[in-house]
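**Q** Pasting a predicted model and its sequence here:
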Amino acid sequence: MIGLGVAGCCAAKVLEGSGLKVIAFDSFKFPRKKLCGGGLTLKCYSLLTEVFGDITSVIKGEAHKLYLVNGKSVIKTVSKDPFVLFVDRESFDKFLYETLSNVVIHNGEKVVAIVREKEVYRIETEKGFYRARFVIGADGVNGITSKVCGVNLKKALTYEMDIESKTKDSALIDFSDFKSGYYWIFPKSDFYTTGFGDFSLLKGRGLEDINLRFNKKYGIRGKIISKGGAFIPVFDGRLYSGKEKILLTGDAASMVDPFTGEGIYFAALSGKRASQLIMKYFDERITAAVEYKKFLDSLNTEFKWALFLRRFFFKFKTSMFKVMEVSDEVRSVATDIISSNIRYSEAFKKFLKASIKLPMRFVYVTGFDKKRKRKESEGFSSLDI
C-alpha cells in the first residue's frame, strides 16, 4: 500500500481480517495537513460509514443552504437534508488512519522505487526495501505508482485557505471569472475553507491574491490558519487502472470528477474495490488487475458525461444561470449534480426535458418578463454566510 489518504486507508481497512500481510507506506507522519475542500456527499458519507463505521465525530459542518453565483446572478436553494457534509482533512485522515489494525505501517518513509522481480515487487524506500505480491497505488497525482505504470497524469492547480470564523450552514460556489472551475466557501464549525480550482489552470501565479479577492467579495475575514496550493488530476478521457499487479486508486488513477471536482468518494470507492479483488484473486496471476480495469471502465462513461457537461455548462454559463433563475427543474438538476444525487447522463436528459418548455417562455430565459422588464435574481442581498 503506497499512500494512506482516503484511498489507502479504505484499501487497508477492507483487507483487515483477510489473513493477508499488509504493509503500508506514507511519506508523511500523521496528523498531517491535506489541502482539500473536504466536501462529502451523502453517497460518500454512506460509503465511508460502511467501511469505517460511525464517522460523525469528524463531520465539521453541513450545507443546508447552497448558493450558486455567476457575476451578479445568485441562485439560492435550501434543503432539510444537507447538500454536502464537510470535514477537515487533517483530523479526518487521522481518524481513518487510527482505525487501522493488522497493518504494518511505515510513516514518514517515502517510496523511491518499485521494481518487478518475477512474481513480486521490490519496494525501495529511503530506509530500506520490502517485497509484495500486489501494490495498491494510493499516493496521489504526484506519486510514484502512476509513473511506474507509465501514466503521465495531466494536472491542474487548486488553492485554498482556512479562515478562523464562526460559520453557518451555508456553502457557496462562485463560477465568475473561471473557465472550467469555481471558488468555494465551505463551513467547518469554527473556520471556513475558501479556495478555488480550475481544470484549465496549469500554472500558478498570484493564487493567494485571487483567493483573497474572492474572500473580500463575500466578507470572509479572520485569522488565516493555513493556506497553500495543490495539484489535482485532470480527466483526459480515461481512468488508469495500473499495470500488472499494481492497482491505481483515487487521484493516482485520475479519479476526480471532471465537473464538480469531487475526489473523496472515488478515492474510497476505488480503494475498497481494489482490495476486494486482491482478496478474491490473490493466487491468480492477473485476474485482479483485469477485473479492476473492468471496474474503472464501467465508471469511465460517467466521467466522460461529466466532462461533456462541464464543457457545455461553461460554454453557455451566463445562459445557464438565466435558465436556472426561471426553471425550478433545471435548478434542481444543478443541485443534484453538486450533491452527487444523479448520474450525469440522467441529469442531461432531465435538463433537455425541462428546456423543451423554455422556448414558449423565451423572454423569460433571456431575462425579461412579459412586460419587457428586466428579471433580477435575488442578488447578493440574499446571501447568508
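**A** Noted; the coordinates are in hand. Residues are numbered from 1 along each chain as shown.
**Q** Isn't residue 306 up against residue 256?
**A** No. Under the criterion of Cβ atoms under 8 Å, residue 306 is not in contact with residue 256, lying 9.9 Å apart. (C-beta placed from N, C-alpha, C; glycine too.)
**Q** what about residue 323, how many neighbours?
**A** 20 (other Cβ atoms under 10 Å).
**Q** Now the closest residue to residue 165 other than its chain neighbours: phi and psi?
**A** In space, and not counting its chain neighbours, residue 165 is closest to residue 222: 4.3 Å by Cβ to Cβ, 6 or more residues apart in numbering. Backbone geometry at residue 222, expressed as degrees, to the nearest 10, gives phi 150, psi 180.
**Q** for residue 321, what are its contacts?
**A** 68, 70, 71, 73, 75, 377 (Cβ atoms under 8 Å, 6 or more residues apart in numbering).
**Q** Separate out the buried members of those residues.
**A** The neighbour-count test (16 or more other Cβ atoms under 10 Å) marks 68, 70, 73, 75, 377 as buried among these.
**Q** which one of the residues you listed is nearest residue 189?
**A** When the buried ones among the contacts of residue 321 are compared for distance to residue 189 (Cβ to Cβ), residue 68 wins out at 23.2 Å.
**Q** Going C-terminal from the helix or strand hosting residue 213, what's the next secondary structure element?
**A** Per DSSP states H and E, residue 213 falls inside helix 207-217. As assigned by DSSP H and E, the chain's next helix or strand after helix 207-217 is strand 224-233.
**Q** Which SSE is immediately downstream of that next one?
**A** strand 242-243.
**Q** That following strand pairs with which strands, and in what direction?
**A** strand 246-248 (antiparallel) (DSSP bridges).
**Q** Please report how far residue 102 lies from residue 6.
**A** Counting by Cβ to Cβ, to the nearest Å, the gap from residue 102 to residue 6 is 19 Å.
**Q** quick revisit: and the helix holding residue 213 with strand 224-233, angle?
**A** 120 degrees (axes from the mean of the first three to the mean of the last three Cα atoms, to 10 degrees).
**Q** Give the other helices and strands that helix 207-217 contacts.
**A** strand 155-164, strand 191-198, strand 224-233 (3 or more Cβ pairs under 8 Å, 6 or more residues apart in numbering; DSSP states H and E).
**Q** buried sites along that helix?
**A** Buried-residue list, helix 207-217, by 16+ other Cβ under 10 Å: 207, 210, 211, 212, 214, 215.
**Q** Can you tell me which of those comes closest to residue 339?
**A** Nearest member of the buried residues of helix 207-217 to residue 339, counting by Cβ to Cβ, is residue 214, at 22.6 Å.
**Q** the strands in the stretch 251-385 of the chain, which residues?
**A** Secondary structure of the stretch 251-385 of the chain (DSSP state E, counting those that start in this stretch): no strands located.
**Q** in it, which spans are helices?
**A** Listed in chain order, the helices of the stretch 251-385 of the chain (DSSP state H, counting those that start in this stretch) span residues 264-280, 287-315, 317-326, 328-338, 344-355, 362-365.
**Q** Which residues does the fifth one contact?
**A** Contacts made with helix 344-355 from outside it, assessed by Cβ under 8 Å, 6+ apart, are listed as 259, 301-302, 305-306, 308-309, 323, 327, 329-330, 333, 336-337, 342.
**Q** Count the residues that sit near residue 42.
**A** Residue 42: 15 neighbours (other Cβ under 10 Å).
**Q** wait, isn't residue 271 in contact with residue 15?
**A** No. With contact defined as Cβ under 8 Å, residue 271 does not reach residue 15; the gap is 9.9 Å.
**Q** from what I can see residue 48 touches residue 56, true?
**A** No. Using Cβ under 8 Å as the test, residue 48 is too far from residue 56 to be in contact (10.7 Å).
**Q** Tell me which of the two has more neighbours.
**A** residue 48 (25 against 8).
**Q** For that one, which three-state class applies?
**A** Three-state assignment for residue 48 (DSSP: H, G, I helix; E, B strand; the rest coil): helix.
**Q** Contacts only, for it.
**A** 10, 40, 55, 268.
**Q** could these be laid out in a markdown table, adding neighbour count and pLDDT?
**A** Supplementary listing: the contacts of residue 48 in a markdown table, determined by neighbours: other Cβ atoms under 10 Å; pLDDT from 0 to 100:
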| residue | neighbour count | pLDDT |
| --- | --- | --- |
| 10 | 29 | 98 |
| 40 | 25 | 97 |
| 55 | 18 | 97 |
| 268 | 27 | 98 |
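**Q** Nothing else from me, thank you.
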